[in-house]
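Peer 1: pasting a predicted model and its sequence here:
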Amino acid sequence: MYEQIIKDQYTLLSPINKTFEKRIYNRLYSYTEQNKMFSKDQYGFRSGLFTSLTVYGKHENLLHSAKDGLTTCALFCDLSKAFGTIDQLCPTQMAY
């Protein structure tokens, strides 16, 4: 019976939480965009600015510098494996 109560609360709160979270995110995002709080070079989470664009831009800068006869050097690191993820547990599993 205890598991059923937790499950019912979880199913009720989940859509409410998602709606609340989305509204907060949209307000914060629009505020930061309107007030230009991020650098124009901030990529990854802003709409239309993908992380692949920054790699492309750096590559283009390197090519132009090399054509101009400048000494160039670049180091690109893939840090995707460095950051672990946490498995999310169901609330009934957390109770035990």
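Peer 2: Structure received. Numbering: from 1, shown residues only.
Peer 1: contacts, neighbours, all on C-alpha from now
Peer 2: OK.
Peer 1: and the helices in the protein?
Peer 2: Shown for the chain, the helices assigned by DSSP state H span residues 2-34, 51-67, 91-94.
Peer 1: please identify which of these is closest to Tyr43.
Peer 2: Nearest of these to Tyr43, taken as C-alpha to C-alpha: helix 51-67 at 5.4 Å.
Peer 1: follow-up on the earlier one: just put the helices of the chain in a markdown table and tack on distance to Lys40.
Peer 2: Formatted as a markdown table, the helices of the chain follow (distance: least, C-alpha to C-alpha, whole Å):
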| stretch | distance to Lys40 |
| --- | --- |
| helix 2-34 | 10 |
| helix 51-67 | 11 |
| helix 91-94 | 40 |
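Peer 1: the ones you listed: which one's closest to Gln42?
Peer 2: The nearest among the helices of the chain, by C-alpha to C-alpha, is helix 51-67 at 8.8 Å.
Peer 1: buried stuff in that closest one?
Peer 2: Residues Leu62 are the ones in helix 51-67 that count as buried (16 or more other C-alpha atoms under 10 Å).
Peer 1: now it: mean pLDDT?
Peer 2: The pLDDT scores in helix 51-67 average 86.
Peer 1: list of residues touching that helix?
Peer 2: Under the criterion C-alpha atoms under 8 Å, 6 or more residues apart in numbering, residues 41, 43-44, 71-74 lie in contact with helix 51-67.
Peer 1: can you say which of those are buried?
Peer 2: Tyr43.
Peer 1: which of the contacts of helix 51-67 lies closest to Tyr25?
Peer 2: Ranked by distance to Tyr25 (C-alpha to C-alpha), the contacts of helix 51-67 are led by Gly44 at 15.5 Å.
Peer 1: per-residue confidence for that closest one?
Peer 2: Taking Gly44 on its own, its pLDDT is 68.
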